[in-house]
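Visitor: Here is a sequence together with a model predicted from it:
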Amino acid sequence: MILVTGGAGFIGSNFVLDWLAESAEAVVNLDKLTYAGNLANLAGLAGDERHVFVRGDIADRELLDRLLATHRPRAVVHFAAESHVDRSIVGPAAFVRTNVVGTFELLEAARSYWQGLELDRKDGFRFLHVSTDEVYGSLGEADPPFSETTPYAPNSPYSASKAGSDHLVRAYHHTYGLPAITTNCSNNYGRHQFPEKLIPLMIANALEGKALPLYGDGRQVRDWLYVGDHCAAIRVALARGAPGETYNIGGDAERRNIDVVHALCDTLQSLRPREGGYRALVTPVADRPGHDRRYAIDATKIRASLGWAPRETFETGLAKTVRWYLDNAQWVAQVKSGEYRKWLETNYGARSGQ
Ligand code: NAD
Ligand code: TYD
């Protein structure tokens, strides 16, 4: 079996569901269930004995040791993290605690477990660390995209804490020989994404007829990858990636934020027409402090050496995503708890339309 951390969150839950749909191998899913973790994401697995859910913290070393000793996984796939840049600006401490210290504890537990394995199991063991392209910092308009050799230059507390975790993973391979692999992926979108990130936030607001808050001039660029394609890349890296290597994962889909939001508005308009259209709701607001201008990924390495390629284009992925949010209004209503409303007030209260 494999141990997945953060498997109740956005990407982790997609990964667990896809994994169990494609393979018979069981999953132990360790998740703290922070505001971003949601057991409703895993409802489809009710009664499935191949899925063992454990609520707990990756910084809890005793719990980690117990889980590893009991379940004896052949791999750890590490998603658990604080993941939202704006929250890291408001409260960076949780990012250092989970992303840096939590990853350190997980690495320590994995190292001790791995060192005690018999030789054949030891060789096959993998620690797959899921990271982000944001560790590379910000690109200018004409710069080449990030490759695996681009120097790290994180700019937000989030990306700095992820960079810290990436460095620890690297060091555990280099120093102890832990068979670790790191993947650095661009912006994901798809089902189960918490409506604090750009795409689900804009869908949720649009459906309520609320303003669509575009930071600054809206011309920042992100590369977008459908979550199912990211999960497929992780499966490939786990199966065939070389220990000690890092792989950049991207969708070859660079888009300006304004164009993403307009595309969303147009998709919504075709599926659920609104008088006056959704584009009329777009409202420029104060920019994010330290806002990275552009991210772009050169995914040549994973494409060429592991044969991975995305199946969805931005247009097909976006259409699927919008449809999912329209069909799952109850999921959206459930996650819009008191905590969510408090976040909207914290992040957008002071930005008001410009
Ligand atoms: P998410 O915020 O939706 O989910 C994170 C999950 O981790 C939640 O279920 C949460 O409860 C859990 N968690 C948080 N702290 C924990 C702790 N201390 N112990 C155990 N569980 C804990 O995040 P996501 O968007 O699914 O991202 C997953 C991973 O992928 C993260 O490591 C993130 O850095 C990385 N990543 C995300 C994106 C993206 O666009 N979302 C892109 C590239 C990489
Ligand atoms: P986000 O989804 O938070 O991802 P990241 O910051 O990790 O790339 O934001 C994506 C882009 O959208 C980013 O440039 C910030 C911008 N954005 C807005 O313009 N308005 C918003 O309300 C949010 C949440 C993001």
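Guide: It's in. Ligands and ions are numbered 1, 2, ... in the order given.
Visitor: contacts for stretch 90-102?
Guide: Stretch 90-102 is contacted from outside by 32, 57-59, 80-82, 87-88, 157-158, 161-162, 164-165, 168, 346-347, using C-beta atoms under 8 Å, 6 or more residues apart in numbering. Bear in mind the C-beta positions are built from the backbone N, C-alpha and C, glycine included.
Visitor: May I see the buried residues of that stretch?
Guide: Using 16 or more other C-beta atoms under 10 Å as the test for burial, stretch 90-102 gives 92, 94-96, 98-102.
Visitor: repeat for stretch 139-148
Guide: Quick answer for stretch 139-148 (16+ other C-beta under 10 Å): 139, 145-146, 148.
Visitor: the strands in the stretch 101-250 of the chain, which residues?
Guide: 126-132, 180-185, 187-189, 212-215, 221-226, 246-249 (DSSP state E, counting those that start in this stretch).
Visitor: can you list these in CSV and add mean neighbour count and distance to residue 322?
Guide: Formatted as CSV, the strands of the stretch 101-250 of the chain follow (neighbours: other C-beta atoms under 10 Å; distance: least, C-beta to C-beta, whole Å):
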stretch, mean neighbour count, distance to residue 322
strand 126-132, 24, 24
strand 180-185, 25, 21
strand 187-189, 24, 10
strand 212-215, 21, 14
strand 221-226, 23, 12
strand 246-249, 25, 23
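Visitor: Compare these and give me the one nearest residue 302.
Guide: Nearest to residue 302 among the strands of the stretch 101-250 of the chain is strand 246-249 (4.3 Å), distances taken as C-beta to C-beta.
Visitor: Send me the closest one as CSV with only the CA atoms.
Guide: Taking C-alpha atoms only, strand 246-249 is exported to CSV below (Å, rounded to 0.1, in the frame of the first residue of the first chain):
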residue,chain,number,x,y,z
THR,A,246,13.0,16.6,-9.8
TYR,A,247,10.3,16.9,-12.5
ASN,A,248,8.6,20.0,-13.6
ILE,A,249,4.9,19.5,-14.6
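Visitor: Show me what that strand is in contact with.
Guide: 133, 146-148, 166, 170, 181-186, 225, 230, 233, 237, 241, 297-299, 301-302, 306, 308.
Visitor: Nearest to ligand 2, out of the strands of the stretch 101-250 of the chain?
Guide: strand 212-215 (3.5 Å; C-beta to the nearest ligand atom).
Visitor: Pass me the low-pLDDT residue ranges in the chain, would you?
Guide: In the predicted model of the chain, residues 353-354 satisfy pLDDT under 70.
Visitor: Any idea which residue of the protein lies closest to ligand 1?
Guide: residue 9 (2.0 Å).
Visitor: what's the burial count for residue 229?
Guide: When counting by other C-beta atoms under 10 Å, one arrives at 21 neighbours for residue 229.
Visitor: OK, contacts around it?
Guide: Per C-beta under 8 Å, 6+ apart, neighbours of residue 229: 251, 310-312, 317.
Visitor: so residue 320 makes contact with residue 190?
Guide: Yes. At 7.3 Å, residue 320 counts as touching residue 190 under the criterion of C-beta atoms under 8 Å.
Visitor: Identify the contacts common to the two.
Guide: residue 226.
Visitor: what about those two, which has more around it?
Guide: Ranked by neighbour count (other C-beta under 10 Å), residue 320 and residue 190 place residue 190 first, with 24 against 16.
Visitor: returning to that earlier point: I'd like to know which of the strands of the stretch 101-250 of the chain is closest to residue 324.
Guide: Per C-beta to C-beta, nearest to residue 324 of the strands of the stretch 101-250 of the chain: strand 187-189, 10.3 Å.
Visitor: what helices or strands is the closest one leaning on?
Guide: helix 198-207, strand 221-226, helix 227-240, helix 314-327 (3 or more C-beta pairs under 8 Å, 6 or more residues apart in numbering; DSSP states H and E).
Visitor: Among the ones you listed, which comes closest to ligand 2?
Guide: helix 198-207 (3.6 Å).
Visitor: what about that closest one and ligand 2, touching?
Guide: Yes. Applying C-beta under 6 Å from any ligand atom, one finds helix 198-207 touching ligand 2 at 198, 201.
Visitor: ok, residues contacting that helix?
Guide: Contact with helix 198-207 is made by 187, 189, 193-195, 211-213, 222, 257, 260-261, 264-265, 268, 272, 274, 278, 281, 318, 321-322, 325-326, 329, 332, 336, as judged by C-beta under 8 Å, 6+ apart.
Visitor: Give me the subset of the residues you listed that also touch ligand 1.
Guide: 187, 194.
Visitor: could you flag which of the contacts of helix 198-207 are buried?
Guide: 187, 189, 193-195, 211-213, 222, 257, 260-261, 264-265, 268, 278, 281, 318, 321-322, 325, 332.
Visitor: Ligand 2 next: which of the residues you listed are close?
Guide: Restricting the buried ones among the contacts of helix 198-207 to contacts with ligand 2 (C-beta under 6 Å from any ligand atom) yields 187, 213, 222, 257.
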